[in-house]
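> Predicted model follows, preceded by the sequence.
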Amino acid sequence: MSKPNGRSPDLRAREAHDCWGDGRVRTLQADLPIRYEWAFYGGDRPYWQLGALESLYDGGIRQADAVLEHALKSLRSRGELGETLVVVCGDHGDGFGEPGRVPNEPPAVSHVLPRHEEPLHVHLVVRPPGGATGERVDELAALTRFPAVARAHARGDSPLCGFIINRALALKQPVTADLRKRFERRCDPVEAYLEPSRASYENAPNTSGAVRKHSYWGDRRVTTLVHAPGVVEHHEPVKPETVDRSFRDGDDGRDSVREPLASRQPDADVEAQLAALGYY
């Protein structure tokens, strides 16, 4: 199959939606390794260059929107959209050098390390079978209830705001094994990147749709009101125990959220597969 101008169909499709990047940005991206966090955390690259990469990221979002539009139009043309539960979400966002809200917290780069709102705060759009009047929900929501919501729709029940929850939790994976070695090789001092970090979210009534976030990074902590991904209001200090308490279930004092064990690391073959996908 011929490729006009030597470019693949996938590349031409990406370029069709890349409205904000240019040759310099694409050259910058090509010069970076697949996992580029350490180029910035280690000081090889200035953080301001991440703003240029964000323009390519925005083009990727525009391309994803076009794919979604095509899928929904196909469902509608086949007369199947009215019988389909449509859920649009993101597993995470990406950081492009945004500063931390907690003192000593590193800037957000990609999505491995930070507990910033840029990686954690993503939108969730739901269209039930038959459609519905549009409604904006400001409470916490999570896909952890997806199976129950999908089964309810399959039974003919339509749970209103079925994804709303009372709390949401986020924790930084312990920096161990190969990941720790990479930070130790590239970052000096390395301690700020190895700090334990957790965050808990709860609905905040009477705050014009904000969500309250308790978080800590090492021994520094803060409570903020999150109005939108980029609109965060510093509120008050918080004790780490307040955050940790949200992770406990029942009266036994044990964490209900399991953390990976440092002794249970993937073998070499799995690491090679993950590296090919950009996860190592």
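The structure has been received and is ready for your questions.

> all helices of the stretch 1-150 of the chain, in order?
For the stretch 1-150 of the chain, applying DSSP state H, counting those that start in this stretch gives helices covering 9-17, 23-31, 37-41, 49-77, 117-120, 146-154.

> relative orientation of the fourth one and helix 23-31 in degrees?
Angle, helix 49-77 to helix 23-31, by axes from the mean of the first three to the mean of the last three CA atoms, to 10 degrees: 90 degrees.

> Let me see the mean pLDDT of helix 49-77.
Taken as a whole, helix 49-77 has an average pLDDT of 92.

> same for it, what does it pack against?
Under the contact criterion of 3 or more CB pairs under 8 Å, 6 or more residues apart in numbering; DSSP states H and E, helix 49-77 touches helix 9-17, helix 23-31, strand 95-96. Any C-beta I mention is one placed from the backbone N, CA and C, and that applies to glycine too.

> Can you tell me the closest non-neighbouring residue to P46?
Setting aside the residues directly before and after it, P46 is nearest to F40 in space (CB to CB, 6 or more residues apart in numbering), at 7.8 Å.

> right, and that neighbour touches Y47 too?
Yes. Using CB atoms under 8 Å, F40 is in contact with Y47, at 5.9 Å.

> Mutual contacts of those two, please.
Residues touching both F40 and Y47 (CB atoms under 8 Å, 6 or more residues apart in numbering) are 97, 107, 109.

> want to try TSV for these, with distance to L28 and pLDDT as columns?
Below are the shared contacts of F40 and Y47 laid out as TSV (distance: CB to CB, whole Å; pLDDT from 0 to 100):
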residue	distance to L28	pLDDT
G97	14	92
P107	18	92
V109	14	92
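
> Report the buried members of these.
Neighbour-count burial (16 or more other CB atoms under 10 Å) applied to the shared contacts of F40 and Y47 gives 97, 107, 109.

> what's the first one in contact with, if anything?
For G97, the contact set (CB under 8 Å, 6+ apart) comprises 40, 47-48, 50-51, 107-109.

> nearest to H116, of those?
A108 (4.1 Å; CB to CB).

> Just give me the neighbour total for that closest one.
A108: 24 surrounding residues under other CB atoms under 10 Å.

> isn't it right up against L120?
No. Judged on CB under 8 Å, A108 makes no contact with L120 at a distance of 9.7 Å.

> tell me the phi and psi of the residue most central in space within the chain?
Nearest residue to the geometric centre of the chain (CA atoms, centre = their mean): H92, 1.8 Å. Main-chain torsions, H92, degrees, to the nearest 10: phi -170, psi 160.
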